[in-house]
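A.B. asks: Take this sequence and fold it.
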Amino acid sequence: MSKPASRSAGPPRRVDTDERPFVLVWELTRACDLTCEHCRADAQPDRHPDELTTAEAKALLDRTAEFGENQLVVFSGGDPLKRDDAVELVEYGTDAGLHVTMTPSGTASLTREAVGDLADAGLRRMAVSVDGATAERHDAFRGEAGSFRETVSAAQAAADAGLPLQVNTTVCRQTVADLPAVADLVADLGAVLWSVFFLVPVGRGAALDPIGPDRAERVMEWLVEQREEWPFGVKTTEAPHYRRVAVQKTEATPDRQMGITAGDGFAFVSHVGEVYPSGFLPESAGNVRDRSVVDIYRNADLFEQLRDPDALRGKCGACPYRNVCGGSRSRAYATTGDPLEADPLCSFVPEGYDGPLPGDDPGRDGAAERTDVEPDRIADSP
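C.D. replies: A predicted model of the protein is given here:
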């Protein structure tokens with residue numbers, strides 16, 4: 001079995017993101033038994049015939065190891081356990097010197113035996129999704145009765161196997177009021193990390209309602225205020241302005257290594273080998289069947305642009321925090337078609353900036369007036 005859970009599990013934090021991603025996510029398959037409302041992959045019941053074969057998958061892992069020692073790789077999906085070689089690939093990647101983690105779906109396939117096999121194969125961390133504080137709310141969001149029960153059972157199996165646990169939670173209008181109760185559950189499950197994902201309108205998620213910029217700011221302020229009280233670490237996904245909020249509230253020294261953004265410290269390989277800056281920014285920079293993933297990450301024009309904070313446009317380009325934040329490039333792409341445009345979820349407007357804001361009518365001059373029509377919530381809710 002793997003070592004007991006600890007917050008320090010994983011590779012060192014300092015990474016030259018011009019040379020290597022802090023994390024590379026590989027979508028093993030889009031097959032999944034769930035029909036989650038927010039699914040980026042628009043997952044299907046069956047595997048795609050053009051998925052990377054086992055031999056191609058191993059070649060990808062060998063090339064990924066060329067990034068350097070302890071490269072972090074996340075096996076995602078769909079449900080990675082829909083591939084019958086998933087455990088074999090965990091073991092192969094581990095033997096290649098990679099830090100392999102996985103985000104399996106909360107289905108009947110995630111048995112105690114499967115969790116034990118993953119731990120024995122060398123998996124460094126397992127991530128499960130919890131999108132509601134009760135079975136009723138979580139299962140409704142996930143589109144499958146029993147998903148909450150299976151997820152909690154898998155979390156307990158991970159603890160028994162000594163496998164560190166991460167919990168992922170989607171933030172949108174349907175889930176935001178549950179966040180305080182979900183945080184309590186994350187603690188009860190013994191997780192080492194809570195990843196709070198702010199909805200990007202891609203895949204099935206395009207039909208969901210995101211929270212507004214002002215509400216998002218309040219959620220991030222709440223996360224900063226509470227994080228020292230929780231027994232687990234906290235990070236945001238597709239909300240890098242959490243780092244700006246943290247700097248403003250704590251007067252910490254800005255540090256670009258506080259997080260990563262699409263294409264800058266982050267890369268994604270699809271089930272058919274396309275390399276994207278993020279799974280939420282499906283603009284291919286090449287395919288691993290034709291070109292090394294290392295070469296694509298380091299030298300593709302799209303990735304190089306995304307690593308240049310001075311290439312950003314709109315208020316993100318004028319923002320004094322662009323080197324520590326940079327905005328969600330995925331959300332900019334999803335809403336404007338341009339990954340270098342401003343992130344519409346951020347409410348911060350740089351001092352003296354008088355250019356257009358996300359959502360402005362392009363026929364009007366000047367900045368739009370900020371509004372947030374969401375109702376106030378109770379004091380302990382974000």
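
A.B. asks: Strands along the chain, start to end?
C.D. replies: If DSSP state E is used as the criterion, the strands of the chain fall at 23-27, 72-76, 99-102, 125-129, 165-171, 193-198, 233-237, 266-269, 275-276.

A.B. asks: Show me what the shortest one is packed up against.
C.D. replies: Under the contact definition 3 or more CB pairs under 8 Å, 6 or more residues apart in numbering; DSSP states H and E, strand 275-276 sits against strand 266-269, helix 293-299. All C-beta atoms are positioned from the backbone trio N, CA, C, and that covers glycine.

A.B. asks: For Phe75, find the nearest of these.
C.D. replies: Across the helices and strands packed on strand 275-276, Phe75 has its closest neighbour in strand 266-269 (10.4 Å, CB to CB).

A.B. asks: partners of that closest one in the sheet?
C.D. replies: The strands beside strand 266-269 in its sheet (DSSP bridges) come out as strand 23-27 (parallel), strand 275-276 (antiparallel).

A.B. asks: For the shortest one, which outside residues touch it?
C.D. replies: Contacts of strand 275-276 from elsewhere in the structure, counted by CB atoms under 8 Å, 6 or more residues apart in numbering, are 262, 267-270, 282-288, 293, 296-297, 300.

A.B. asks: The first one now?
C.D. replies: Contacts with strand 23-27, where a contact means CB under 8 Å, 6+ apart, come from 41, 60, 64, 67, 71-78, 260, 265-271, 279, 293, 297.

A.B. asks: residue ranges of the helices in the chain, please?
C.D. replies: Remark: helices assigned in the chain by DSSP state H are 54-64, 86-95, 112-121, 135-142, 147-160, 179-188, 213-226, 241-250, 293-299, 301-306, 314-318, 329-336.

A.B. asks: buried stuff in the third one?
C.D. replies: By 16 or more other CB atoms under 10 Å, the buried positions in helix 112-121 come out as 114-119, 121.

A.B. asks: Name the nearest of those relative to Leu340.
C.D. replies: The closest of those to Leu340 turns out to be Leu118 (CB to CB; 38.3 Å).

A.B. asks: doesn't Glu88 make contact with that closest one?
C.D. replies: No: in this structure, Leu118 is not within contact of Glu88 by CB atoms under 8 Å, at 11.0 Å.

A.B. asks: Contact partners for Glu217?
C.D. replies: So Glu217 contacts 245, 347-348 (CB under 8 Å, 6+ apart).
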